[in-house]
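Quick one: sequence and predicted model below, then my questions.
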Amino acid sequence: MISIIISSTDPHFLENVTKNITETIGVPFEIISFENSEGKKGLCELYNSGAKVAKYELLCFMHEDVNIKTRSWGEIVNQAFIANTKLGLLGIAGSVYKALSPSGWHSNSENTERSNIIQTFKFSDKTKLHHTRNPDEEEFTKVVCVDGVWFCALKKIVFENPFDEEIFKGFHAYDIDFSLQVGKKYEINVRYDILLQHFSEGNFNRSWLNEIIKLHQKWSIFLPITTVDLDNKTLQGIEKRTFKDFINKALFYGISKRQLFKVLWIKNGIRRYNFALFLKLNRYLIRKVSSS
């Protein structure tokens, strides 16, 4: 019933997650894993390849360093797609708002995040966190994009909207890009009744920044996108905070000054942003670049 597609870099993780899936999924399944320890192929290419050989119509793309806590989660997923014929993508973490400013799926705003996930930290000394955001106490929430740690889609959706392996050849931004593409025609949901533990957080390094810049070059004309009504003050606050966070990371990792100004001005940024906000962001960028 479900074909699970995994890019594997660690045989130990793959063995553990295979055992975990077998014990918890509750429906017929297959695991299509690609050995990719040297990172020679990007996730978009591997996920497209997996979809082509999958024998089931329901596909699940997931990281291998996870442990799913929910029993019979496969049946929950199956029933979600049966109940909603407009559903194109289902995740366990996502956002109701995707900022115009370059960012990950969460757009640097807890107010717009929707999630139910136990997060363990690999790249910092933070303690394990049950990251749950469901302010309206819903069974599921319509979102703009989902986190790539775990998400499901019908095979026909993937064939209609293949992962963009021409632009995204690595391991970042594929989830946001796929979400935005699917969201043009279908509904995207985050569910709260499937819980998993993820054993590493995102690594927001130079590679991540490069992919996020490419993502926004591709989608900026359509951004921002939201599934909820947000007042102007909230929107400007999110964009301002997101842009500053991006600039600080970009300067730290040596992204060129020319490229940073291009990010702000690309595709009529002065029109896409509120004009007053655009001027503030431009001044902030000039000040940061001058002092770097």
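Received the coordinates, thanks.

What is the longest helix along the chain packed up against?
Scanning the chain for the longest helix, with DSSP state H as the assignment, gives helix 232-252. Applying 3 or more Cβ pairs under 8 Å, 6 or more residues apart in numbering; DSSP states H and E, one finds that helix 232-252 makes contact with helix 206-219, helix 257-265, helix 275-291. Quick note: C-beta positions are derived from backbone N, CA and C, even for glycine.

So for the longest one, what gets flagged as buried?
Neighbour counts using 16 or more other Cβ atoms under 10 Å place Leu277, Phe278, Lys280, Leu281, Asn282, Leu285, Lys288 of helix 275-291 among the buried residues.

From Leu14, how far out is Ile167?
According to Cβ to Cβ, to the nearest Å, Ile167 and Leu14 sit 28 Å apart.

how about the helices in the stretch 1-150 of the chain?
Assigned by DSSP state H, counting those that start in this stretch, the stretch 1-150 of the chain shows helices spanning 11-24, 43-53, 73-83.

just the ones you listed: most buried one?
When the helices of the stretch 1-150 of the chain are scored by mean count of other Cβ atoms under 10 Å, the highest mean neighbour count falls to helix 43-53 (a mean of 20).

Contacts for it next, please.
3, 5, 7, 32, 34, 36, 59, 61, 148, 155, 158-159, 162-165, 168-171, 174 (Cβ atoms under 8 Å, 6 or more residues apart in numbering).

picking up where we left off before, with respect to Gly237, which of the buried residues of helix 275-291 is nearest?
Among the buried residues of helix 275-291, Leu277 lies closest to Gly237 (Cβ to Cβ), at 9.7 Å.

leaving aside the residues next to it on the chain, what's closest to the closest one?
With Cβ to Cβ, 6 or more residues apart in numbering as the criterion, Leu277 has its nearest non-adjacent residue at 5.2 Å, and that residue is Gln236.

Give the burial count for that neighbour, as a bare number.
16 (other Cβ atoms under 10 Å).

Quick check: the gap between it and Phe252.
Distance, Gln236 to Phe252, using Cβ to Cβ: 25 Å.

so the residue nearest to Leu277 touches Asn274, yeah?
Yes - between Gln236 and Asn274 there is a contact under Cβ atoms under 8 Å: 6.0 Å.

can you tell me which residues contact Pro224?
Tyr97, Lys98, Ala99, Leu100, Leu235, Glu239.

Including distance to Ile213, could the residues you listed go into CSV?
What follows is those, written out as CSV (distance: Cβ to Cβ, whole Å):
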residue, distance to Ile213
Tyr97, 20
Lys98, 15
Ala99, 14
Leu100, 13
Leu235, 22
Glu239, 17
